[in-house]
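# A structural model of the following input is requested.
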Amino acid sequence: MSAPNDDNDAHSQLSSHFLGGILDSIIVDVASEFHRIARLGLDRNLEEEDEELRLSTQARVRAADPSSSGEANGKYAVDIFGQTHPAIADEIFECMNCRRSIMAGRFAPHLEKCMGKGRKARLKATRSSTSAKNR
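Take a look at the predicted model:
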């Protein structure tokens, strides 16, 4: 009869061999499936990912370059996808409360003041109620 220690060694070797075989099979299946997809051109996202990677690399190079101010054409900032946007929104909107023309970049702060809403309005209300109580 064999010793119990020999049985444990045999079981651990057998289970290790079995697990290794399953793991190898899974790796080969996944690798062959991805190879098939790439070979047949079924994955259309590869081109988009390559383009995003290229644009991201360009943006990192521009950000690391101290001579570049992060702007293209001297007017618009370039984001990580290579798209240009104005530094401050320059579209003009009409305030629905006072009918003034306001630039888009200043529209939200204008509405806070004009309509008496938001953070600054609360501060004004608190100050005015405090001063009214003191009178």
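# For the chain, which segments count as strands?
According to DSSP state E, the chain carries its strands in the segments 71-72, 76-78, 84-86, 92-94, 101-103.
# between the ones you listed, which has the poorest average model confidence?
Lowest mean pLDDT of the strands of the chain: strand 71-72, a mean of 46.
# Quick check: which ranges of this structure have low pLDDT?
Scanning the chain for pLDDT under 70 picks out the ranges 1-4, 43-46, 65-82, 86-88, 119-135.
# So which residues of it form helices?
With DSSP state H as the criterion, the chain has helices at 4-40, 45-64, 107-115, 119-134.
# Determine the set of other helices and strands touching the shortest one.
With contacts defined as 3 or more C-beta pairs under 8 Å, 6 or more residues apart in numbering; DSSP states H and E, the secondary structure elements packing on helix 107-115 are helix 119-134. For the C-beta atoms, the positions are set from N, CA and C on the backbone; glycine is no exception.
# One more pass at 10 Å, please.
Contacts defined by 3 or more C-beta pairs under 10 Å, 6 or more residues apart in numbering; DSSP states H and E place helix 107-115 against strand 92-94, strand 101-103, helix 119-134.
# Would you mind listing the buried residues in that helix?
Judged by neighbour count (16 or more other C-beta atoms under 10 Å), helix 107-115 contains these buried residues: 107, 110-111, 114.
# Which of those sits closest to residue 57?
Lowest distance from residue 57 to the buried residues of helix 107-115 (C-beta to C-beta) belongs to residue 107, with 35.7 Å.
# The closest one against residue 90, yeah?
No. The criterion here is C-beta atoms under 10 Å, and residue 107 misses it with residue 90 at 11.6 Å.
# intersection of neighbour lists for the two?
The contact sets of residue 107 and residue 90 do not overlap (C-beta atoms under 10 Å, 6 or more residues apart in numbering).
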